[in-house]
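J.: Pasted the sequence and its predicted model underneath.
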Amino acid sequence: MGGYCLLLLLLGACTLYGSYGIGKFRQNETATLIVDANAPGRTIPDTLFGIFFEEINHAGSGGLWSELVDNRGFEAGGRHTPSNIKPWSIIGDESSIVLSTDLSSCFERNKVALRMDVLCGSDGAKSCPSGGVGVYNPGFWGMNIEQGKTYKVVFYVRSMDSIDLAVSLTSSNGGVVLATSNVIADASKVANWTRMEVMLEAKSSNTNSRLQLTTTKTGVLWIDQVSAMPTDTYKGHGFRKDLFEKLVDLEPRFLRFPGGCFVEGEWLRNAFRWKEAVGPWENRPGHFGDVWMYWTDDGLGYFEFLQLSEDLGAAPVWVINNGISHQDEVETSMVFPFVQEMLDSIEFARGDNSSQWGSLRAAMGHPEPFELKYIAIGNEDCGKPYYQGNYMKFYDALRKAYPDIQVISNCDASSTPLNHPADFYDFHIYTSANDMFSKSTKFDKTRRNGPKAFVSEYAVTGKDAGTGSLLAALGEAAFLIGIEKNSDVVEMASYAPLFVNTNDRRWNPDAIVYDSSRVYGTPSYLMQQFFTKSSGATLLKSELQAGSSASVVASAISWKNATDNKNYITIKIVNFGNNYVNLKLSIGVNENSVKLSGSQKTVLTSNNVMDENSFQNPKKVYPSSTLFKLSGKDTTIVLQPISFTSFDMIQEQQSHLLTKDADSGLKYSS
């Protein structure tokens, strides 16, 4: 997202389908799909379908990354003091406690610390209110605390006096304590900054909780770098399990990260800088993402993105800043420091443990190199004054130092050849459902030589999409069928955006919607699951013969299921029209050696084209599967209006046994 990033009033107009409910058809239509499973097929790239993660909509900060504390280092207000420490809030009033900030932290890149002047005590005229005074943090629109689970709380503290702090997880108003522990220390122990760690086991559940630090002891103390994390993150790597599983279900073959506009920044001073997002979390300064307008502590940093790719079994696609933001650029003659940043990032990912940056990766717990093979030079920057000059500096440096790395240009070569070398070119499309459906043929006439396409951002947007409609999903499904059929010139494709916290919708629609405790997939997310077996499969020769309405798009693949070790044929069909379609399905196989069986039909549809899922009804639009019986070589099936249908058929080898007959010699018997 770049030029598109700024279009917060998204493109797209209602199509004629918005006025129809399913079943309000005029007449049945007919079509024929001929699949030749005997003809040599074409292998689809292993990397065809993947995912694109951008820090937008609080996708990581308050989403996939499990940190519960928002603004954990008090840095979001900037390095000036006094500063705004939002969303931290005071417990008590001015007569009992005064909060302020200063630059006294022990962390050089995070100098802001919280100072608490506690004016009340445990007894006397100025006794503290019941429960004490202090600060609380509500996290990202409430912390989800679950009974029986353990939460690790870490913070740093300094005081000239002894301390007695209660560290608690409570309900949103502090009235119900879910878990608590006291941190008591003599002045000699906390005279210098000291790391404290407590493990809190929740005695009850609350999806809208907060973390609070309170005391009833008079004195002055400083607090910094406060973290609260559940201990049951995926493999202990910090990823929220339910959101991680949503990614697993897409079976992504690549992960493009960390943006998008997030990489560029509105201004370079606010762009993502990988060196500030590695190493111990306490030392990461965080930054303000000025495109999507919120602060991130960068706990989900460059290392974590590489780890996420590895955990998903997906190839990392690292989008680097090429000295260009939305508003300012570095001239080509001065871009070398940015080139060196890129080279250092590759050494971090791939260097051995004796290298400068490889040793930091090893110290972070990953001694083995990551398999980084793709670099995208910038995001949607083609056409900006210094892009091509800067691009060549990065490209030449990569070819010299890492000739195996595949380089992705921002310039679209689907219609006009590139005027610079690249392995892939980036193609982004955000449009209406009708237009997306028509783009199923976009790559039919693209040049078959030269760099391949990386469709790294696609989605139906605007009125057709709402916050995630069936109509949008069907337009996108047709587009992906076109990509599948043109996978000789399209190497990779990913939807955008991936995540949205329902409390911070910066963009509509998105694939996965969540809050502190719940998650569901939009129809576009469910649509993508129909393509999980396409990467690395074999595209079969097929021909669709349809009427003049041309509302049907189809493809056929064969693939091997690693679970049952059987071969399958999968046919996917989008009916984008409001009529039922009587489809004659003809599948040509060598009937002497193969028979088709175990057919399953899966349909994604709903009562209205604009139907969406929600927390209240997460399966309003949801695939339904039934057994389907083939009736010989040719089978007539009925496609529902406004639907996406797949047929999965097992290819069983006919069993022939070689026997010997005394009179007739060798025979085959089945």
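T.: The structure has been received and is ready for your questions. Numbers count the residues shown, from 1 in each chain.

J.: What is the neighbour count of Thr32?
T.: By the criterion of other CB atoms under 10 Å, Thr32 has 15 neighbours. For the C-beta atoms, the positions are set from N, CA and C on the backbone; glycine is no exception.

J.: does it sit in a helix, a strand or a coil?
T.: Assigned by DSSP: H, G, I helix; E, B strand; the rest coil, the conformation of Thr32 is strand.

J.: Spit out the contact partners of it.
T.: Leu544, Gln545, Ala546, Leu583, Lys584, Ser586 (CB atoms under 8 Å, 6 or more residues apart in numbering).

J.: Quick check: it vs Lys595, distance?
T.: As defined by CB to CB, to the nearest Å, Thr32 lies at a distance of 22 Å from Lys595.

J.: do Gln406 as well
T.: 41 Å.

J.: Return the subset of the contacts of Thr32 lying in strands.
T.: By the criterion of DSSP state E, membership of those in strands covers Leu544, Gln545, Ala546, Leu583, Lys584, Ser586.

J.: Report the two of those separated the most.
T.: Greatest spacing in those, by CB to CB: Ala546 and Ser586 (14.0 Å).

J.: where does the stretch 151-300 of the chain have low pLDDT?
T.: In the predicted model, the stretch 151-300 of the chain carries no residue with pLDDT under 70.

J.: mind listing the strands for it?
T.: Using DSSP state E, counting those that start in this stretch, the strands of the stretch 151-300 of the chain run over 163-171, 177-185, 194-201, 206-215, 219-230, 254-257, 287-289, 294-296.

J.: Which one of those strands lies nearest to Leu539?
T.: strand 254-257 (19.0 Å).

J.: Helix, strand, or coil at Phe454?
T.: Assignment for Phe454 (three-state DSSP): strand.

J.: Could you report the distance from it to Asp70?
T.: Taken as CB to CB, the span from Phe454 to Asp70 is 34 Å.

J.: So if I had to pick from those two, which one is more boxed in?
T.: Neighbour totals were compared for Phe454 and Asp70, and Phe454 leads with 28 against 22 (other CB under 10 Å).

J.: Which residues does the helix or strand hosting Asn434 contact?
T.: Assessed by DSSP states H and E, Asn434 sits inside helix 433-438. Identification of contacts with helix 433-438 by CB under 8 Å, 6+ apart yields 12, 15, 17, 429, 458, 460, 464-465, 471-472, 474-476, 478-479, 553, 574, 576.

J.: Take those and keep only those in strands.
T.: Judged by DSSP E, the subset of the contacts of helix 433-438 located in strands is Ile429, Tyr458, Val460, Val553, Val574.

J.: Show me which of the residues you listed are buried.
T.: Ile429, Tyr458, Val460, Val553, Val574 (16 or more other CB atoms under 10 Å).

J.: now for the one helix or strand Val513 maps to, which elements pack on it?
T.: Taking DSSP H and E as the criterion, Val513 maps to strand 512-514. Secondary-structure packing of strand 512-514 (3 or more CB pairs under 8 Å, 6 or more residues apart in numbering; DSSP states H and E): helix 241-248, strand 499-501, strand 519-521.

J.: Which residue ranges of the stretch 251-400 of the chain form helices?
T.: For the stretch 251-400 of the chain, the helices defined by DSSP state H, counting those that start in this stretch cover 261-264, 302-312, 336-350, 356-363, 387-401.

J.: List the buried residues in the shortest one.
T.: Of the residues in helix 261-264, those buried under the neighbour-count criterion (16+ other CB under 10 Å) are Cys261, Phe262, Val263, Glu264.

J.: Out of those residues, flag the one nearest to Asn206.
T.: Closest approach between those and Asn206, by CB to CB: Phe262, at 31.5 Å.

J.: So that closest one is in contact with Gly289, correct?
T.: Yes: in this structure, Phe262 is within contact of Gly289 by CB atoms under 8 Å, at 5.8 Å.

J.: Show me the common contact partners of these two, please.
T.: Glu55, Phe272.

J.: So what touches the host helix or strand of Thr645?
T.: Taking DSSP H and E as the definition, one finds Thr645 inside strand 643-653. By CB under 8 Å, 6+ apart, the surrounding residues in contact with strand 643-653 are 22, 37, 473-474, 477, 527, 530, 558, 566-575, 585, 587, 589, 593-605, 628, 630, 637, 639.

J.: which of the residues you listed count as buried?
T.: By 16+ other CB under 10 Å, the contacts of strand 643-653 give 22, 37, 473-474, 477, 527, 530, 558, 567-575, 585, 587, 589, 596, 598-599, 601-605, 628, 630, 637, 639 as buried.

J.: Among the ones in strands among the contacts of Thr32, which one has the most neighbours?
T.: For the ones in strands among the contacts of Thr32, neighbours tallied by other CB under 10 Å; top is Leu583, 24 neighbours.

J.: which ones are touching that one?
T.: The contact partners of Leu583, by CB under 8 Å, 6+ apart, come to Thr30, Ala31, Thr32, Leu33, Val552, Ile573, Thr636, Ile637, Val638, Leu639.

J.: Could you list the low-confidence segments of this protein?
T.: 1-27, 548-550, 590-594, 632, 654-670.

J.: can we see that at 80?
T.: 1-27, 124-125, 547-550, 589-595, 597-598, 630-633, 652-670 (pLDDT under 80).

J.: which ones are touching the closest residue to Thr233 other than its chain neighbours?
T.: Leaving aside its sequence neighbours, Thr233 sits nearest to Ser66 (CB to CB, 6 or more residues apart in numbering; 4.7 Å). Going by CB under 8 Å, 6+ apart, Ser66 touches Met229, Pro230, Thr233, Gly238, Phe239, Arg240.

J.: Of those residues, which is the nearest to His58?
T.: Taking the contacts of Ser66 together and measuring to His58 by CB to CB, the closest member is Arg240, at 12.0 Å.

J.: I'd say that closest one and Met229 touch.
T.: No: Arg240 is beyond contact range of Met229, at 10.1 Å (criterion: CB under 8 Å).

J.: quick one: which of the two has more around it?
T.: The neighbour comparison of Arg240 against Met229 (other CB under 10 Å) goes to Arg240, with 23 against 19.

J.: Setting aside sequence neighbours, what's the nearest residue to that one?
T.: Residue nearest to Arg240 in three dimensions, not counting chain neighbours: Ser66, with 4.7 Å by CB to CB, 6+ apart.

J.: For that neighbour, give its distance to His237.
T.: 9 Å.

J.: for Phe262, same thing?
T.: Where His237 is concerned, Phe262 sits at a distance of 21 Å (CB to CB).

J.: same deal with Ile375?
T.: Distance from Ile375 to His237, by CB to CB: 23 Å.

J.: The two: which is more packed in?
T.: With neighbours defined as other CB under 10 Å, Ile375 and His237 compare such that Ile375 has more, 22 against 14.

J.: Looks like the more buried one contacts Ala401 (just checking).
T.: No: contact criterion CB under 8 Å: Ile375 and Ala401 do not qualify, at 11.2 Å.
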